[in-house]
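Asks: Show me how the following folds:
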Amino acid sequence: MHHPPHPPPSAQPGRVPPRTAGSYARAYRRRRVIGFVLLGAALAVMVGNGATMIVAAEAEGPFGLFRGMAWARTVQAWADTVGVLALVAVPPLMGSALVYTMVNHWPPPDRIPPWTTPEDLRAAQALVRHGLIGSDARTDQVARAVSDALLAQAAFLPPPFRSAVVTVSVVCGALVVSVGLYGTVRSLLEEDLNGLATGVHTVLMFIGFLCLHPLASAGQARARRYLALYDAAHRRAGRYG
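Replies: Next up is the predicted model:
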């Protein structure tokens, strides 16, 4: 007589070994600090570039009366330097900040088991991403907590309000990207490095924000799939245990 396969150890409740608490909480706080430092540095460079652009425009006077004077040329050279720095520095800073704070989701420590370590979390994220039940009960429990945290984000707003917020965000973001593209092309034709940097930053930043919703939706779909697998494994464990 054929017997159904015995469920893996991860599907059997009551086999979670204790772990030292605190390592994940420390890593989470450190990750948050790094993300906000990167974001703050990117915003500081953007603000500095905008301020330099205003100073350079004022140095030339409202009708270009001071154009060609030594101090005006010095200000313009400094503005060009800041523009190049902004073009080079802001995209990687902003991209890293988005990945640290929004894309690669680390749930708050109070949403996952207290014995979780960063290694546990990475292994659990791999299970959720690939839709697999692992062979370790600890990792599966963390993966379930990660999935619950992802779906809790989606439940923050009721579906009608969430759809309205997404629609308004996409429309406004598309308009801002269009304005940024226009400013980028115009600044490129006028050889205005500060304006070019401002346009490129605007386009990249809002394209990044527009990508967050489909990325979040895909993550929530993977979380639902994992929870279904996890619950099915535990039902089988209760049936054959």
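
Asks: Now do the contacts for the residue most central in space within the chain.
Replies: In the chain, the residue lying closest to the centroid (CA atoms, centre = their mean) is residue 102, at 2.6 Å. By CB atoms under 8 Å, 6 or more residues apart in numbering, the contact set of residue 102 is residue 212. C-beta here means a position set from N, CA and C on the backbone, and glycine is covered the same way.

Asks: got any ranges where the protein has weak pLDDT?
Replies: Counting by pLDDT under 70, the ranges of the chain that qualify are 1-22, 59-72, 103, 155-159, 237-241.

Asks: Show me which helix runs longest in it.
Replies: Using DSSP state H, we find that the single longest helix of the chain is helix 193-240.

Asks: by contact count, what packs against that one?
Replies: Applying 3 or more CB pairs under 8 Å, 6 or more residues apart in numbering; DSSP states H and E, one finds that helix 193-240 contacts helix 23-59, helix 70-98, helix 118-130, helix 137-154, helix 159-190.

Asks: so can I have JSON lines of these showing mean neighbour count and distance to residue 205?
Replies: Putting the helices and strands packed on helix 193-240 into JSON lines (neighbours: other CB atoms under 10 Å; distance: least, CB to CB, whole Å) gives the following:
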{"stretch": "helix 23-59", "mean neighbour count": "16", "distance to residue 205": "9"}
{"stretch": "helix 70-98", "mean neighbour count": "17", "distance to residue 205": "6"}
{"stretch": "helix 118-130", "mean neighbour count": "18", "distance to residue 205": "26"}
{"stretch": "helix 137-154", "mean neighbour count": "20", "distance to residue 205": "21"}
{"stretch": "helix 159-190", "mean neighbour count": "13", "distance to residue 205": "8"}
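
Asks: For residue 110, find the nearest of those helices.
Replies: Distance to residue 110, taken as CB to CB, is lowest for helix 23-59 among the helices and strands packed on helix 193-240, at 9.0 Å.

Asks: so the closest one versus helix 70-98, what angle?
Replies: Using axes from the mean of the first three to the mean of the last three CA atoms, to 10 degrees, the inter-axis angle of helix 23-59 relative to helix 70-98 is 160 degrees.

Asks: quick one: contacts for residue 29?
Replies: Residue 29 neighbours (CB under 8 Å, 6+ apart): none.

Asks: Residue 187 contacts residue 201, correct?
Replies: No - assessed by CB atoms under 8 Å, residue 187 is found out of contact with residue 201, at 11.5 Å.

Asks: To what extent is the closest residue in space to residue 35 that isn't next to it in sequence buried, counted in neighbours?
Replies: Using CB to CB, 6 or more residues apart in numbering and skipping the chain neighbours, the partner closest in space to residue 35 is residue 100 (3.3 Å). When neighbours are counted by other CB atoms under 10 Å, residue 100 registers 19.

Asks: oh, and call the first residue 42 from now on, that's how I've got it
Replies: From this message on, residue numbering opens at 42, which makes the last subject residue 141.

Asks: quick one: secondary structure of residue 141?
Replies: helix (DSSP: H, G, I helix; E, B strand; the rest coil).

Asks: roughly how far out does the longest helix of the chain sit from the chain middle?
Replies: Computed by CA atoms, centre = their mean, to the nearest Å, the separation of helix 234-281 from the middle of its chain amounts to 9 Å.

Asks: relative orientation of that helix and helix 111-139 in degrees?
Replies: Put simply, helix 234-281 runs at 10 degrees to helix 111-139, going by the same axes, to 10 degrees.

Asks: Helix 200-231 and helix 234-281, what's the angle between them?
Replies: Put simply, helix 234-281 runs at 150 degrees to helix 200-231, going by the same axes, to 10 degrees.
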